[in-house]
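Participant: Here you go, sequence then predicted model.
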Amino acid sequence: MSTSANVNVKHTPVMPREIIAALSPCLQRPGAVLVDGTVGMGGHSAALLEACPQARLVGIDRDGDAIAAATERLAPFAGRFSLHRARFDEMGQILDALGIGAVAAVLLDLGLSSLQIDEAHRGFAYTHDGPLDMRMDDRLEVDAAQMVNTWPADSLARVFRDFGEEPHAARVARAIVDVRQQGPIATTAQLAAIVVGAMPAKVRFGAGGHPAKRVFQALRMAVNDELPALNAMLPLALGRLAPGGRLAVLSYHSLDDRLVKQTFRQACEDVAPRGLPVVPDHMKPSFSLVAKGRPQPSEIQCNPRAASARLRVIGALPGTEGGK
């Protein structure tokens with residue numbers, strides 16, 4: 001993909017009004033720093049920079065195509081942003097290099113971008129035939145094809161079960177191993193057909209969506225090490241929030257959302273021993289939940305990919321310094 005040929009790719013950020021409402025209150029002071037850890041094509045970042053004219057952006061994305069697209073999308077805000085090709089849990093090093101300590105807001109949109117879903121050569125989608133890749137960062141050594149063609153059945157089944165919550169994980173893994181003995185599995189269409197063929201008839205012909213959806217999700221998450229990265233990023237982001245700062249996360253499946261929910265809940269609890277009649281100030285929570293929600297039906301109608309989104313927002317309480 002060229003760096004300029006894709007500015008016309010259709011990109012609609014999810015829940016933009018809700019994101020602006022959640023984060024703009026802490027981005028009004030001069031020089032307030034917003035970190036967009038998944039800058040993608042720059043849709044959310046552009047909306048926030050427009051709504052908050054005194055804010056500046058540190059944008060992070062591991063996808064080189066996304067960085068190129070965001071650079072063009074954000075051109076009208078020249079001088080107010082810097083973009084960095086990295087995984088979002090490298091935020092600390094990036095901020096340190098920029099001389100930035102606490103930040104006013106952090107945004108994480110954990111969904112795939114249009115650049116990834118709609119470009120067949122990226123190998124993310126079971127609906128587009130292309131090479132079996134799925135790397136968000138093409139500098140990664142291991143892609144989905146290597147996993148599918150070299151990992152033993154029990155390892156594949158564990159990935160499908162743990163990252164895709166696929167109830168027929170073992171059946172699918174065995175089918176993959178059987179097929180690859182005849183030759184390598186090289187394309188998304190090949191893999192999708194194997195998965196469909198391995199499913200019970202009630203799944204193949206049921207109304208629960210494409211039978212390969214969970215398997216493709218699981219492989220993508222394994223290739224890109226997504227859950228460990230998120231597990232590292234959430235406390236890092238909380239620890240970098242200035243007093244009154246906010247962290248907003250858009251999740252699209254239960255594994256991500258469960259981790260976000262649990263992390264936020266724990267951050268909002270005090271650390272006093274049970275039964276203590278009065279909680280000392282230094283043991284009180286440092287964070288509070290600000291908002292949660294789903295897209296409105298009208299948004300889903302215009303942008304069906306938003307249907308599974310879940311937004312959670314947490315704020316650092318005044319007088320606290322990101323974290324306990």
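Facilitator: Noted; the coordinates are in hand.
Participant: surely Ser45 meets Asp61?
Facilitator: No: with contact defined as Cβ atoms under 8 Å, Ser45 does not count as touching Asp61 (10.3 Å). (Glycine included, C-beta is placed from N, CA and C.)
Participant: list residues touching both of the two?
Facilitator: Val39, Ala70 (Cβ atoms under 8 Å, 6 or more residues apart in numbering).
Participant: Can you report how many residues lie near the nearest residue to Phe124 once chain neighbours are set aside?
Facilitator: Of all residues not flanking Phe124 in the chain, Gln116 sits nearest, at 5.0 Å (Cβ to Cβ, 6 or more residues apart in numbering). Counted with other Cβ atoms under 10 Å, the neighbours of Gln116 add up to 20.
Participant: Please identify the helix or strand for Gln116.
Facilitator: helix 114-117 (DSSP states H and E).
Participant: who does that helix touch, helix- and strand-wise?
Facilitator: helix 64-73 (3 or more Cβ pairs under 8 Å, 6 or more residues apart in numbering; DSSP states H and E).
Participant: From the chain's centroid, how far away is the helix it packs on?
Facilitator: With Cα atoms, centre = their mean, to the nearest Å as the basis, helix 64-73 stands 17 Å off its chain's centre.
Participant: Tell me the secondary structure at Gly315.
Facilitator: strand (DSSP: H, G, I helix; E, B strand; the rest coil).
Participant: can you pull out the strands in the chain?
Facilitator: 33-36, 56-61, 81-85, 103-109, 241-251, 287-293, 310-316 (DSSP state E).
Participant: List the contacts of the first one.
Facilitator: Residues external to strand 33-36 that are found in contact with it (Cβ under 8 Å, 6+ apart): 23, 27, 44-45, 48-49, 52, 55-60, 91, 95, 100, 103-107, 237, 240.
Participant: can you check the fourth one too?
Facilitator: By Cβ under 8 Å, 6+ apart, the surrounding residues in contact with strand 103-109 are 13-14, 19, 23, 26-27, 29, 32-38, 40, 44-45, 48, 55, 58, 88, 91, 95, 230, 233, 237, 240-242, 244-250.
Participant: What strands line up against that strand, and which way round?
Facilitator: If you go by DSSP bridges, strand 103-109 pairs up with strand 33-36 (parallel), strand 241-251 (parallel).
Participant: so which of those gets nearest Gln182?
Facilitator: strand 241-251 (38.5 Å; Cβ to Cβ).
Participant: what comes up buried for stretch 185-193?
Facilitator: Under the neighbour-count criterion of 16 or more other Cβ atoms under 10 Å, stretch 185-193 has Ile185, Thr187, Thr188, Gln190, Leu191, Ala192 buried.
Participant: list the contacts for the closest residue to Val203 other than its chain neighbours?
Facilitator: Residue nearest to Val203 in three dimensions, not counting chain neighbours: Pro211, with 5.3 Å by Cβ to Cβ, 6+ apart. By Cβ under 8 Å, 6+ apart, Pro211 lies in contact with Val195, Val196, Met199, Val203, Arg204.
Participant: shouldn't the third one be in contact with Arg171?
Facilitator: Yes: in this structure, Met199 sits in contact with Arg171. The criterion is Cβ under 8 Å, and the distance is 7.4 Å.
Participant: among the contacts of strand 103-109, which ones are buried?
Facilitator: Buried, going by 16+ other Cβ under 10 Å: 13-14, 19, 23, 26-27, 32-38, 40, 44-45, 48, 55, 58, 88, 91, 95, 230, 233, 237, 240-242, 244-250, out of the contacts of strand 103-109.
Participant: Show me the residue at the heart of this protein, geometrically.
Facilitator: Leu110 (1.6 Å; Cα atoms, centre = their mean).
Participant: Surely it and Leu255 touch.
Facilitator: No: taking contacts as Cβ under 8 Å, Leu110 lies outside contact range of Leu255: 9.9 Å.
Participant: Would you agree the residue nearest to Phe124 is in contact with Gly130?
Facilitator: No: using Cβ under 8 Å, Gln116 is not in contact with Gly130; the gap is 11.3 Å.
Participant: Please enumerate the shared neighbours of the two.
Facilitator: Arg122.
Participant: Give the residue spans of the protein that score low on pLDDT.
Facilitator: Scanning the chain for pLDDT under 70 picks out the ranges 1-10, 279, 320-324.
Participant: mind listing the helices for it?
Facilitator: 16-23, 43-51, 64-73, 91-98, 114-117, 144-150, 153-164, 169-180, 188-198, 201-204, 213-223, 226-240, 254-267, 297-302 (DSSP state H).
Participant: Most tightly packed of these?
Facilitator: helix 213-223 (a mean of 23; mean count of other Cβ atoms under 10 Å).
Participant: List the contacts of it.
Facilitator: 112, 124-126, 134-135, 140, 142-144, 147-148, 159-166, 172, 188, 191-192, 195, 226-227, 253, 255.
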